[in-house]
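Asker: Pasted the sequence and its predicted model underneath.
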Amino acid sequence: MRVILFIAVLFGLTAVVAGAVGDHALHMLHTSRQYQAYLTAVRYQMWHAIVLLIIGFAAYIKPELLTRKLIRFAVLSFILAIILFSGTIYFVTFSHFKILLYLVPFGGTLFMLGWLSLLGCVVIL
């Protein structure tokens with residue numbers, strides 16, 4: 001649970017930093033479409049950092065939650081999704097190495113799988 005909380009806080013911090021960079025520098029340097037994609041990456045990262053924080057606190061209160069495979073799968077899905085979705089968009093924004101954009105849909109799919117896993121947990125409860 002500590003690892004989940006640490007990762008959630010780290011993702012939250014980096015989302016704030018990425019948002020600040022976007023607001024203060026990127027909107028002048030990139031096209032509107034690139035800027036919107038960047039902001040979407042920031043938003044998705046922050047929302048999912050908050051979800052990971054909630055799961056981490058819930059696991060702190062009720063440690064047996066982490067014995068559920070669906071919860072563990074959701075956590076792993078969200079972590080990998082943030083890296084693949086947001087991380088790839090950030091990297092491409094600064095490097096212009098556009099071939100990596102093919103990784104973004106995999107990150108989006110992992111976001112969906114994470115939410116489906118949480119839905120499965122709710123249904124099972």
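Answerer: Received, thanks.

Asker: can you map out the helices along this structure?
Answerer: Applying DSSP state H to the chain gives helices spanning 2-21, 27-29, 32-61, 69-81, 88-95, 104-124.

Asker: Give me the number of neighbouring residues for Val123.
Answerer: Residue crowding around Val123 was assessed by other C-beta atoms under 10 Å; the count is 8. In short, each C-beta sits where N, CA and C put it, glycine included.

Asker: can you check Leu53 too?
Answerer: Leu53 - counted by other C-beta under 10 Å - has 17 other residues nearby.

Asker: Who are the contact partners of it?
Answerer: Leu53 is in contact with Leu5, Ala8, Val9, Gly12, counting by C-beta atoms under 8 Å, 6 or more residues apart in numbering.

Asker: for the first one, what are its contacts?
Answerer: Leu5 makes contact with Leu53, Gly56, Phe57, Tyr60 under the criterion C-beta under 8 Å, 6+ apart.

Asker: Quick check: chain neighbours aside, which residue is closest to Ile124?
Answerer: Leu70 (7.3 Å; C-beta to C-beta, 6 or more residues apart in numbering).

Asker: I'd say the one you found and Ser117 touch.
Answerer: Yes. With contact defined as C-beta atoms under 8 Å, Leu70 reaches Ser117; the gap is 4.6 Å.

Asker: would a markdown table of the contacts of Leu5 with distance to Ala18 and pLDDT be doable?
Answerer: Shown next, in a markdown table, are the contacts of Leu5 (distance: C-beta to C-beta, whole Å; pLDDT from 0 to 100):
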| residue | distance to Ala18 | pLDDT |
| --- | --- | --- |
| Leu53 | 17 | 97 |
| Gly56 | 21 | 95 |
| Phe57 | 24 | 95 |
| Tyr60 | 27 | 92 |
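
Asker: And the residues you listed, which of them are buried?
Answerer: Among these, those classed as buried by 16 or more other C-beta atoms under 10 Å are Leu53, Gly56.

Asker: Noted, bye for now.
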